[in-house]
Every structure is written in structure tokens, then in C-alpha cells.
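# Sequence and computational prediction follow.
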Amino acid sequence: MIGRSALIVSAPSAALDRALRTNAVFEPRVVECAAALGEALAAGAPAIVVVCGTHHECRPALEYFLHARTRGKSVPFVVVATDGSEGFAIDALRAGAADYLGGPLDAGVLQGILERWCQPRERLPATSLAQGELLVGSSEPMCELRRKIEQVAKVDCNVLITGETGTGKELVAHLIHQNSPRRSRPLVSINCAAIPDSLLESELFGYERGAFTGANTVRQGKLMAADKGTVFFDEIGDMSAFAQAKVLRAIEAKEVQRLGATHSQGTDIRVVAATHRPLDTLAGTDAFRSDLFFRLNVGRLHLPPLRSRKSDLAELVQHLIDDLNRRLDAGVTGVTSGAFDRLLQHDWPGNVRELKNVFERVFISRRSGDVTETDVPRFGDEPAAGNPAKRLDGELECLLSALHACRWNKSKAAQKLNWSRMTLYRKMAKYKLMSDSPPPNPGRSHGLSTR
């Protein structure tokens with residue numbers, strides 16, 4: 001049964017004909033030159049575009065897609081370069097390629113790519129917050145995240161959300177609640193790092209009149225306020241040991257007792273917790289209780305960092321521009337190729353939050369027209385989060401170790417590192433490891449330049 005369509009940009013090819021004849025999933029449309037791309041895309045949005053040919057034949061298509069990305073339009077595409085080099089692979093990455101294949105066209109590999117992209121995908125309906133934020137991105141990790149959110153939201157279980165700072169953990173907690181059977185009841189957020197132990201019980205459980213000096217009325221705690229709804233514990237890894245014990249008791253017993261009360265009250269809450277800390281490692285130490293970790297770690301969602309899904313950058317940039325134009329009454333139209341290249345080359349240790357902050361800074365001076373390279377900060381001049389020297393040194397060590405272990409076979413090295421080939425090419429370009437043969441002493445060399 002035919003599913004979604006695939007647009008093929010290629011000169012006539014026997015291998016391509018074999019791949020198209022044997023498929024049963026997609027409906028192919030073939031055009032023979034990149035000049036026909038715009039017209040072909042306007043005739044109907046395909047699930048994916050495959051660009052086949054020599055790097056000279058493929059380059060006009062890359063330029064088309066790069067221009068489209070700077071205007072906030074994103075179409076998934078794969079490049080099959082019959083004579084491609086690593087430098088051309090980096091160009092394909094910058095244009096936003098979902099995958100890159102070098103060498104002669106393999107009909108089986110192409111069919112597998114088309115089947116993967118052309119199968120209908122479950123997509124979570126776009127759900128906005130008060131600020132108009134969305135879960136933006138069409139990359140494979142984000143499609144998988146949407147699918148998992150939809151699955152977890154339907155099951156009334158506790159959920160632990162992990163991920164680096166700035167990846168959108170609070171947004172995902174809102175999406176879980178808004179797509180769950182509890183959506184009509186409150187979602188109560190608790191910043192675990194902001195409540196001191198001295199105020200914890202009164203904030204979470206409430207108090208009776210006269211429970212302490214100044215308690216002149218009965219106050220309902222946050223847990224009872226969320227009855228039949230959801231409680232979101234933000235950065236639960238920063239919660240004190242005293243607070244962890246209190247929260248564990250409330251989750252296990254499903255009841256709370258106000259300060260000064262003589263009896264407990266039953267409560268029906270769903271707990272969603274988020275942390276940037278490695279609770280798997282910390283559980284059972286003085287830093288975090290293992291029994292609380294096991295209570296929370298039922299549904300598990302991990303948010304990918306922005307550096308691992310840079311194909312979403314164009315969509316994120318356009319979303320931020322649209323949002324800031326609306327909120328600040330500005331008229332910014334897009335970003336230039338130079339500005340987008342600078343954004344693409346940055347590793348974004350602060351993730352989407354850092355990207356958002358960058359564009360808010362840009363909008364202070366840029367009120368109309370395109371964002372140019374001079375509007376975007378020089379990221380290399382600013383200190384990265386944590387210890388950047390140590391992080392980059394470790395990343396290079398892992399990259400070199402994998403390449404050396406795989407005898408410089410880049411496909412095997414990418415699999416060993418659990419990276420896509422595009423990520424491997426980008427990291428190799430970043431550290432100037434661009435030759436086809438290993439550098440001297442690859443296991444210990446840093447700051448290499450083989451070009």
C-alpha cells in the first residue's frame with residue numbers, strides 16, 4: 001500500500017530505477033535537475049527529498065535548501081554524492097541534510113531511508129503555553145520525543161524528565177499534563193531549589209489556624225491544590241534530604257497532613273519531576289534517596305541537547321523570530337546565510353534557552369530586515385558553561401579513540417559513538433580531522449590539523 005511521497009532529484013540511474021521499482025511504501029516523483037526543485041515542491045509536499053549525483057550536480061540543490069532554511073522553511077532531504085568528500089559532507093550538514101551517503105548509489109540503503117521517512121508518523125498536536133512556546137523541531141529525536149510524550153501522557157504514572165539545562169523540561173511537563181486525562185484539573189509547579197526546609201511543610205502541606213505564630217487562617221498546601229491533577233517538581237535533584245523524605249511519604253501514602261492538624265487527608269496527584277542531574281548515579285548516595293528515585297522513575301523521558309539536533313535550528317530560529325516580532329512589535333524577516341552559519345557552528349551548551357536569549361539580545365538593536373552575521377555574537381569569545389576545556393578535550397578524546405579503534409572507518413566510528421554520520425562529520429570538521437588517513441599517534445593527539 002502506497003504511503004507518503006518521495007521527491008527524487010537525480011539524473012537517470014540504473015541503481016535508482018531498481019530502488020524505485022522494489023518499493024511498496026512510498027510514491028516517488030523524479031526530477032532531473034535542481035532547477036526544478038521549487039516547482040516540484042510547490043506541486044506537493046513530499047515526506048523527503050533525495051538528491052543523487054556528483055557533488056557538482058548536488059550543489060545547486062544544497063544552495064536551494066540552505067536558502068530555504070534561512071527563511072525558516074524546512075524540508076527533510078538526503079544527499080547521495082557519488083564522488084563526495086568530507087568537505088562536501090560538511091556543506092550538506094550546513095544546508096540541513098537529514099543524512100549523507102557517499103559513494104555509488106546503493107538501492108537497498110536508499111530504499112531503507114525512504115521507508116523510514118515515508119512511513120506515517122504519530123505527531124503530538126502542537127500545544128502552546130501562555131508565552132506561545134511550542135515543542136519545535138522535525139528531527140528524528142524530536143519526533144520520537146513527541147511519540148513518547150503521547151504514550152506517557154495517556155498512562156496515569158509518575159514521570160521523570162531528564163536533560164541538560166535549557167532543553168525544555170518544563171515545557172514537556174506541561175505537554176504531558178495537557179494531553180493527559182487530568183488536563184481539566186490543576187498543574188501545580190514547585191521549584192525544588194527555591195523552597196527552604198523551614199518553609200517546606202507549610203508550602204507543600206498547608207497549615208491549620210494557630211499552627212505557628214502568624215498562622216491566622218487555614219491554608220491549603222500545594223499538594224492538596226493539585227488534587228486530581230498534576231504536581232511538577234522542577235529540578236528535584238536539588239531537593240534537600242529532609243524535603244525528599246517528606247515528599248516520598250506523601251507519594252507513597254497518597255495523603256498529606258497540614259501543620260497543626262490531627263488527621264491526614266487523602267490526595268490523588270500525578271507526579272512529574274525534572275532534573276538536569278544524573279539521578280541514576282546519585283540514587284542511593286547522600287545526594288538522593290534511591291526509594292524516591294524508584295518512585296519517580298516509572299515513565300522516563302530524556303530531552304536531547306540542541307547540539308545533537310541541529311537540523312531543527314532553522315525551525316527554532318523562525319519560531320523565535322515570529323514570537324519576538326509579535327511580542328515586541330518588530331519586523332525581522334529572517335537570518336542571512338552568514339548569520340545562520342555562525343549559529344550552526346556553535347555547540348549551544350545552554351541549549352534552546354541560550355538560543356532564545358541570543359535572539360532576545362539581537363532584537364534589542366535589530367527591529368527589521370534580516371539578522372546579519374554582525375548581529376550574532378562571536379560565541380568563541382564567550383566562556384562556555386562549566387569547564388569548556390575539559391568538556392571539549394574529553395569529546396575529542398572519545399572521537400579520536402573511536403576513529404582509531406575502527407581503523408578510521410567513519411561509518412563504524414559513528415555507530416560506536418551512537419552518533420549520526422552527519423554529527424561525526426561535523427565533529428571532525430570542528431577538530432580539523434578531515435583527512436582519510438589517521439594522524440600520527442591518534443589516541444593522544446589534541447588540537448590536530450591534518451589539512
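It's in.
# which residues sit in contact with A35?
Listed by C-beta atoms under 8 Å, 6 or more residues apart in numbering, the contact set of A35 reads P60. Bear in mind the C-beta positions are built from the backbone N, C-alpha and C, glycine included.
# I'd like to know how far it sits from G369.
Separation of A35 from G369 (C-beta to C-beta, to the nearest Å): 28 Å.
# Over to R289?
Separation of R289 from G369 (C-beta to C-beta): 54 Å.
# do R307 as well
As for R307, its distance to G369 is 28 Å (criterion: C-beta to C-beta).
# Which residue of these two possesses the greater neighbour count?
Ranked by neighbour count (other C-beta atoms under 10 Å), R307 and G369 place R307 first, with 15 against 12.
# Please name the nearest non-neighbouring residue to the more buried one.
Spatial nearest neighbour of R307, chain neighbours left out: D347 (4.8 Å); criterion: C-beta to C-beta, 6 or more residues apart in numbering.
# What helix or strand is that neighbour located in?
Counting by DSSP states H and E, there is no helix or strand that carries D347.
# Per-residue pLDDT of it, please?
Looking at D347, its pLDDT is 88.
# Can you get me a residue count around it?
20.
# Please tell me how far it sits from P305.
Counting by C-beta to C-beta, the gap from D347 to P305 is 9 Å.
# Likewise for A339?
Per C-beta to C-beta, A339 is found 22 Å from P305.
# And for R361?
R361 is 21 Å from P305, where distance means C-beta to C-beta.
# Ok, A429 next?
19 Å.
# now swap in D323 and tell me
Separation of D323 from P305 (C-beta to C-beta): 21 Å.
# Also G266?
Distance, G266 to P305, using C-beta to C-beta: 40 Å.
# more neighbours, the two?
P305 (18 against 10).
# quick one: buried residues of stretch 97-114?
Neighbour-count burial for stretch 97-114 flags 97-102, 105, 107, 110-111, 113-114 (criterion: 16 or more other C-beta atoms under 10 Å).
# got the CA coordinates for it in PDB?
In PDB, the C-alpha atoms belonging to stretch 97-114 read as follows (Å, rounded to 0.1, in the frame of the first residue of the first chain):
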ATOM      1  CA  ALA A  97      20.700  17.300   5.300                       C
ATOM      2  CA  ALA A  98      19.000  14.600   7.300                       C
ATOM      3  CA  ASP A  99      21.500  12.100   6.100                       C
ATOM      4  CA  TYR A 100      24.500  11.800   3.800                       C
ATOM      5  CA  LEU A 101      25.700   8.800   1.700                       C
ATOM      6  CA  GLY A 102      29.000   8.800  -0.100                       C
ATOM      7  CA  GLY A 103      30.000   6.600  -3.000                       C
ATOM      8  CA  PRO A 104      27.900   4.800  -5.600                       C
ATOM      9  CA  LEU A 105      24.100   4.700  -5.000                       C
ATOM     10  CA  ASP A 106      23.100   1.600  -3.100                       C
ATOM     11  CA  ALA A 107      19.500   0.600  -4.000                       C
ATOM     12  CA  GLY A 108      19.000  -1.200  -0.700                       C
ATOM     13  CA  VAL A 109      20.300   1.600   1.500                       C
ATOM     14  CA  LEU A 110      18.200   4.200  -0.400                       C
ATOM     15  CA  GLN A 111      15.100   2.100   0.000                       C
ATOM     16  CA  GLY A 112      15.700   1.700   3.700                       C
ATOM     17  CA  ILE A 113      16.000   5.500   4.100                       C
ATOM     18  CA  LEU A 114      12.800   6.200   2.100                       C
END
